[in-house]
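K.L.:
this one's sequence-less:
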């Protein structure tokens, strides 16, 4: 026995030495088709662990069997296999693989070839994201993916966008998509993710692609995949940008001339009081200020003419409040690896100054991703990311807020100064040499608008700062066994600590009476996610099978502490130790868990016929025990028609033709409290506030629980067609979708005696249906030229299908703007209809006329606003929206222009309405008011200026077309030839100039329809135009 073992060992050793003896040293180079060396290409011996990478000259050296095969690979190129055949020098030319990135997309719990998809998926690459100057990646999807509507409601640096996928997801629950980062649901701050670290963003839109995320996927899924290492030479990349932020949207066409305002207000007084003499006598008393170099307060004579021309001051509120800011961003990354491991490390810094004082955002981010092949069976991978963010912002919250810079600067009449002036018109300074602000209570009289307020001063004195620490980590172990099986265990942990501090100065403004006020909010949210996935993959003949089963546990914890103090000793110190009056203190915690079981089967035959089925069972802590579990599923199929034998005659012009369809259900458990956007994690429980009643406990019920509440469930049907023609000259993807959402949340009004206003129930049904497409055009060009176009477009319709029987006649009031009724859209406007002006120039509105039986027989114009009727007029939903991107290249120069647009839809322009009053002392006017009705202008539909407070009441008079065309981004760059860089040890160098928010063309100057996804305008922070110069270096 021992003899046999010894002989066997000798035999094995002999074979091994013979094999080693047959190895030889092979040298060579790896270049691209242009003859440029490729640095860091992987060169390995097939069926061996031997491997190396090319150096800066593209050269390599490796030990390999004389009869072996070399495998050469590099990102963006097709793999090359070269037989050695006793050769000692081998030169390799790699062919670019233009489809390598597009062919694989990220899907739920894995990746898939684009050709095998049975659902609706859109991707945005890192190259497109890198061109945009966004501090929050949610804004990167604007116009880039069909079926995705993005509203950047605020230009405040660091602010997020509202994203809607394929229409309106819900009415009284969340409509936001689920974010998934590196395979795990992400509830952290999206602004904490450095866009430079993102490899791709993938939007999952139908049930076939989202059903595996079950109860959280009804509104679609946005998957963010961060950059990973590569099994090649380590590269160091530096990217730096420096630029200027400026106001991207101008003001409304408001009055800027004090004299024009004075004479217009005099005209209003003359119409109101009946004589020019009365108007002249009352003008100064109404407005309180005389901006002219005259002691005579009869500023306008009895004929409406100015009596003086020289001004005491020429302050422009917008110029003093709004200016340019600097934006700078720097990123350094290392990416590389070897035959067994890869790594990616990045450090980024962003400093994004806003266009008003104390509105900025800064972020320091660090990310490390890596993987290691332990052996042929086990692979481990992980990532850790940390971001420290600081955001300073102002109170841009409501139209009536005097500290809203974009409201105040446009609403205050131009006769009022920003700073204090003496009788001679000289600016007044304090003892430190700083100009004194005017608060509307100066020696010239009381200001009629915003007394005791000055937005320039409040921007400087008030504070609203948020500091956030964000930690995100991922860990995975892949174990391959029994040839066709793989067990994957994934773990994820996300932590966000946020500290918000607000301070209102005691010197003036809203908190003056309480001698200053400060608020402190501390929040901590953490998410744990663990899943175990078992996959079986096998191919037999022309059959390919991929089976996934798994389990997932998700746990979300949230804690909040808030308090406030007032009565500050030092007006410049916002800390609590400087205040003596405690006003409020509260805290609360939330916990939300999901227990899930999931499975998926993917099958294809001959790479022509594809079938997919998925199932997920979720148990959510948001619902009572009897309604806690929900089942979500999908089925889908795809047919690659162009690969059929009967299509062979078309192969010279038809590259691809495929048809796909899917159907399934997904859920939404993100329940809100009635009439709010605050998550209710315990919607099945009755909830109370604990009050202090003379030192005793008192319970006040604020929410009535409903143990019968359950999921909102969406049933999605999708059919799509993809084609590529003439050697990919034209690529087209078209999708039709129909999403029916049942058991939608309805806040049922309750009797006053119940102590609550609403009871949450499942009672509504809604449908979103539409068509979307993506078209790519690669125009044939002469040598050294490239010219590509990408066009996206979406049309969808929203319809309410079912509401409670007792509401079907009158509908359900949904804010002041909408009324939910069967057959109508959720965002169809429902309000008063303007009928123009009557013979006296007074506003009129339409009202129904009825017969003795109460039947509507027609309409009539009425001057009493309270007697007018409401009608369905207009909709906030666009008829069509999309984007157009053009990429042009000539030699080493590149030009990219990205645009997006909307056709149709309406916005109620409440800002414009506020500027069209008939006479509010001290409030500014839009210059359209100069065309108001008068005895000499009877054809106008703008009511007479006579101080009537109903003149600009809520009606379709202020409904404006929301169509727009936006030049979103222009990038011009130059990449230096590699032959210039080789001696500098630089692999790649590029200089570029990039501009964002270049131009917006819309119906009305000053109104930005991109901000208003629900059709309601407000004095939001203006969009920012950013122009930067940048450099990118790779070593």
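P.N.:
Perfect, I can see it now. Source: prediction; values computed, not measured.

K.L.:
Could you list everything residue 715 pairs with in the sheet?
P.N.:
residue 665, residue 740 (DSSP bridges).

K.L.:
got it, and residue 786?
P.N.:
Going by DSSP bridges, residue 786 forms beta bridges with residue 889.

K.L.:
Same check on residue 973?
P.N.:
Going by DSSP bridges, residue 973 is paired in beta bridges with residue 894, residue 992.

K.L.:
dump the residue contacts of it.
P.N.:
893-895, 990-993 (Cβ atoms under 8 Å, 6 or more residues apart in numbering). Glycine gets a C-beta too; all of them are placed from N, C-alpha and C.

K.L.:
ok, now residue 498?
P.N.:
Neighbours of residue 498 in contact, by Cβ under 8 Å, 6+ apart: 189, 466-469, 521-524.

K.L.:
and if we set it to 10 Å?
P.N.:
Counting by Cβ atoms under 10 Å, 6 or more residues apart in numbering, residue 498 touches 189, 389, 391, 466-470, 521-525, 560.

K.L.:
Surely it is within a helix?
P.N.:
No - counting by DSSP: H, G, I helix; E, B strand; the rest coil, residue 498 falls outside a helix, being strand.

K.L.:
Quick one, which of the contacts of residue 973 are buried?
P.N.:
Taking 16 or more other Cβ atoms under 10 Å as the criterion, what is buried in the contacts of residue 973 is 894, 990, 992.

K.L.:
Surely the second one and residue 978 touch.
P.N.:
Translated: residue 990. No - counting by Cβ atoms under 10 Å, residue 978 is not a contact partner of residue 990; they are 11.7 Å apart.

K.L.:
Please enumerate the shared neighbours of those two.
P.N.:
residue 892.

K.L.:
related to what we said a few turns ago, quick one: which of the contacts of residue 498 has the most company?
P.N.:
In terms of neighbour count, residue 391 stands highest of the contacts of residue 498 at 25 neighbours, by other Cβ atoms under 10 Å.

K.L.:
could I get the contacts of residue 498 as JSON lines with pLDDT, secondary structure and distance to residue 691?
P.N.:
JSON lines is the format used below for the contacts of residue 498 (pLDDT from 0 to 100; DSSP: H, G, I helix; E, B strand; the rest coil; distance: Cβ to Cβ, whole Å):
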{"residue": "189", "pLDDT": "89", "secondary structure": "coil", "distance to residue 691": "33"}
{"residue": "389", "pLDDT": "96", "secondary structure": "strand", "distance to residue 691": "36"}
{"residue": "391", "pLDDT": "95", "secondary structure": "strand", "distance to residue 691": "34"}
{"residue": "466", "pLDDT": "96", "secondary structure": "strand", "distance to residue 691": "30"}
{"residue": "467", "pLDDT": "97", "secondary structure": "strand", "distance to residue 691": "32"}
{"residue": "468", "pLDDT": "96", "secondary structure": "strand", "distance to residue 691": "32"}
{"residue": "469", "pLDDT": "97", "secondary structure": "strand", "distance to residue 691": "35"}
{"residue": "470", "pLDDT": "97", "secondary structure": "strand", "distance to residue 691": "36"}
{"residue": "521", "pLDDT": "96", "secondary structure": "strand", "distance to residue 691": "22"}
{"residue": "522", "pLDDT": "97", "secondary structure": "strand", "distance to residue 691": "23"}
{"residue": "523", "pLDDT": "97", "secondary structure": "strand", "distance to residue 691": "24"}
{"residue": "524", "pLDDT": "97", "secondary structure": "strand", "distance to residue 691": "26"}
{"residue": "525", "pLDDT": "96", "secondary structure": "strand", "distance to residue 691": "28"}
{"residue": "560", "pLDDT": "96", "secondary structure": "strand", "distance to residue 691": "19"}
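
K.L.:
tally of neighbours for the closest residue in space to residue 730 that isn't next to it in sequence?
P.N.:
Distances taken as Cβ to Cβ, 6 or more residues apart in numbering put residue 777 closest to residue 730, at 5.8 Å, once the chain neighbours are dropped. A count of nearby residues for residue 777, using other Cβ under 10 Å, gives 15.

K.L.:
before we move on, could you check phi and psi at residue 777?
P.N.:
Dihedral pair for residue 777: phi -130, psi 120, per degrees, to the nearest 10.

K.L.:
now swap in residue 753 and tell me
P.N.:
Dihedral angles of residue 753 (phi, psi; degrees, to the nearest 10) stand at phi -70, psi -20.

K.L.:
Could you shift the numbering so residue one becomes 644, and keep it that way?
P.N.:
All set: I'll call the first residue 644, so the last point we hit is now residue 1396.

K.L.:
ok so residue 1365 is a strand residue?
P.N.:
Yes - under three-state DSSP, residue 1365 falls within a strand.

K.L.:
what's near enough to touch it?
P.N.:
Neighbouring residues of residue 1365 by Cβ under 10 Å, 6+ apart: 757-758, 760, 1281, 1283-1285, 1299-1303, 1374-1378, 1417.

K.L.:
same thing but 8 Å
P.N.:
With Cβ under 8 Å, 6+ apart, residue 1365 has these contacts: 1299-1301, 1303, 1374-1377.

K.L.:
Among the residues you listed, which one has the most neighbours?
P.N.:
Using other Cβ under 10 Å as the neighbour criterion, residue 1303 leads the contacts of residue 1365 with 25 neighbours.

K.L.:
who does that residue bridge with?
P.N.:
With DSSP bridges as the rule, residue 1303 is bridged to residue 1281, residue 1363.

K.L.:
Which pair in the contacts of residue 1365 has the greatest spatial separation?
P.N.:
1303 and 1374 (15.4 Å; Cβ to Cβ).

K.L.:
thinking again about what came up before, just curious, which of the contacts of residue 1141 is nearest to residue 793?
P.N.:
Among those, and counting by Cβ to Cβ, the member closest to residue 793 is residue 832, at 17.8 Å.

K.L.:
which residues in the stretch 1194-1343 of the chain form helices?
P.N.:
Counting by DSSP state H, counting those that start in this stretch, the stretch 1194-1343 of the chain forms no helices at all.

K.L.:
Over to the stretch 644-793 of the chain?
P.N.:
Going by DSSP H, counting those that start in this stretch, the stretch 644-793 of the chain shows helices at 645-665, 769-774.

K.L.:
Could you give the bridge partners of the residue nearest to residue 1373?
P.N.:
Residues in beta-bridge contact with residue 1420 (DSSP bridges): residue 1373, residue 1432.

K.L.:
State the distance from it to residue 1374.
P.N.:
Residue 1420 sits 8 Å away from residue 1374 when distances are taken as Cβ to Cβ, to the nearest Å.

K.L.:
Residue 733 now?
P.N.:
Separation of residue 733 from residue 1374 (Cβ to Cβ): 36 Å.

K.L.:
again, but for residue 1005
P.N.:
From residue 1005 to residue 1374 the distance is 40 Å (Cβ to Cβ).

K.L.:
do residue 1284 as well
P.N.:
Counting by Cβ to Cβ, the gap from residue 1284 to residue 1374 is 15 Å.

K.L.:
same question, residue 1457
P.N.:
Where residue 1374 is concerned, residue 1457 sits at a distance of 41 Å (Cβ to Cβ).
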